[in-house]
Structure formats: C-alpha cells, structure tokens
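A.B. asks: got a structure for you, letters missing:
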C-alpha cells in the first residue's frame with residue numbers, strides 16, 4: 001500500500017493497525033516517563049503546563065493496547081507552529097483533530113505503512129483544564145474491581161471491533177462516561 005497514513009480510510013487503517021490487547025506491563029510507566037522527559041526537553045518547561053500518562057496503559061493491572069497515551073497541556077499562548085515543529089522533530093506524525101478540545105492537535109509515533117514499529121505513543125495536546133481522562137485513570141487505579149470490569153469490556157470489544165479502532169473506542173464511551181461521572185461525584189463529596 002503506497003497511500004500515506006493520513007489519507008487511508010478507517011477500514012484500511014483497521015487492517016494495518018488492528019486492536020490487539022496485551023497483558024499489563026509495568027514497563028509502560030517507565031516508557032511514559034522517558035518520553036515525558038524528551039518532550040519537556042524539546043518544548044522547554046515554560047511551554048509545558050502539565051504532562052500526564054493517560055489511557056489504559058496508565059491503569060495498573062489491566063490488558064491494553066500497548067500504546068502510551070500522553071496528555072500534554074500547553075499554555076494557551078503557545079504558538080501552533082512551534083508545537084508542530086518541536087514535536088514532529090521528535091519523530092511524531094501530526095494529526096489535526098477538529099473534534100478534540102483546543103488546540104485540536106494530536107501526534108502519533110510508531111505507525112508505519114508496514115504496521116506498528118517500535119513503541120507506539122500518542123500525544124493529546126490540550127490547553128489546561130480538568131480533563132476526564134485523568135479522573136477516569138485515577139478512579140480505576142483506586143478501584144481495582146471497576147478496572148477489572150473495564151478490562152472485561154475491552155476484551156469483548158477487541159474481538160468485536162478488531163479492525164475498527166474508532167468503533168472500539170466509541171463502544172467504550174458509555175462505560176467511560178459512567179466512571180467519570182461516578183469519579184466526579186465522589187471527588188465533589190470529598191471521598
């Protein structure tokens with residue numbers, strides 16, 4: 001296939017990058033921290049508001065797609081061109097995401113026309129905020145039983161949506177929303 005990744009259909013991408021869950025690997029946290037240092041060094045501490053490890057690899061003990069998701073919060077006055085150049089210079093591919101919160105940027109590393117290569121990373125760039133992904137991660141890490149329920153759901157959906165990454169993600173959204181709601185209620189109650 002000679003078509004660039006950003007021009008492939010969801011079906012083509014699904015065949016090239018299927019949803020495959022692997023057993024929890026404690027090394028994921030170290031991979032995140034190493035990449036965090038690289039990103040911070042590249043951007044400079046004045047252009048990084050906060051960096052967090054999010055997604056299933058940040059939830060202890062559960063199966064996950066072995067991609068490290070990183071939430072990168074940058075000050076609102078950060079220039080888009082600076083972010084693009086700095087992060088692309090680290091080997092990431094840029095993906096414009098108009099449906100994501102501002103500044104509508106995502107970067108990925110580890111995807112090639114031959115499939116996955118090396119460790120896969122996703123950087124979700126956002127302006128500072130109170131993000132659901134952090135509430136979700138923290139709640140599941142504090143409630144292993146609920147994390148186990150999430151793992152069971154993911155395992156079933158990985159079979160149903162093996163070649164449909166977007167469908168896999170969308171099918172988890174009700175569970176994720178219910179956990180975030182529960183986490184916020186408990187957080188506001190001081191629990």
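C.D. replies: The structure has been received and is ready for your questions. None of these values were measured; they are calculated from a predicted model.

A.B. asks: contacts, neighbours, all on C-alpha from now
C.D. replies: OK.

A.B. asks: mind listing what's buried along the helix-or-strand element of the chain with minimal mean pLDDT?
C.D. replies: Of all helical and strand segments in the chain, the minimum by mean pLDDT, DSSP states H and E falls on helix 10-16, at a mean of 77. Going by neighbour count (16 or more other Cα atoms under 10 Å), the buried part of helix 10-16 is 13, 14, 16.

A.B. asks: against which helices or strands is the helix or strand that it is followed by packed?
C.D. replies: The helix or strand immediately downstream of helix 10-16 is helix 27-43, counting by DSSP states H and E. Under the contact definition 3 or more Cα pairs under 8 Å, 6 or more residues apart in numbering; DSSP states H and E, helix 27-43 sits against strand 50-54, strand 67-73, helix 80-88.

A.B. asks: just say helix, strand or coil for the closest residue to residue 84 other than its chain neighbours.
C.D. replies: Spatially, and ignoring its direct neighbours in sequence, residue 84 is nearest to residue 94 (7.2 Å; Cα to Cα, 6 or more residues apart in numbering). With DSSP: H, G, I helix; E, B strand; the rest coil as the basis, residue 94 sits in strand.

A.B. asks: in terms of pLDDT, where does residue 94 sit?
C.D. replies: For residue 94, the model assigns a pLDDT of 91.

A.B. asks: max-length strand in this structure?
C.D. replies: strand 115-126 (DSSP state E).

A.B. asks: so what are the sheet partners of that strand and their directions?
C.D. replies: strand 67-73 (parallel), strand 105-112 (antiparallel) (DSSP bridges).

A.B. asks: just list the residues touching residue 166, thanks.
C.D. replies: Residues near residue 166 by Cα atoms under 8 Å, 6 or more residues apart in numbering: residue 10.

A.B. asks: pLDDT weak spots in the protein?
C.D. replies: By pLDDT under 70, the low-scoring segments of the chain are 1-2, 191.

A.B. asks: one more time with 80, if that's ok
C.D. replies: Applying pLDDT under 80 to the chain flags the ranges 1-14, 190-191.

A.B. asks: quick check: the gap between the spatially most central residue of the chain and residue 52.
C.D. replies: Nearest to the mean C-alpha position of the chain, counting by Cα atoms, centre = their mean, stands residue 69 at 3.0 Å. Separation of residue 69 from residue 52 (Cα to Cα, to the nearest Å): 9 Å.

A.B. asks: on the three-state scheme, residue 103 is what?
C.D. replies: Strictly by three-state DSSP, residue 103 counts as coil.

A.B. asks: count the residues that sit near it.
C.D. replies: 19 (other Cα atoms under 10 Å).
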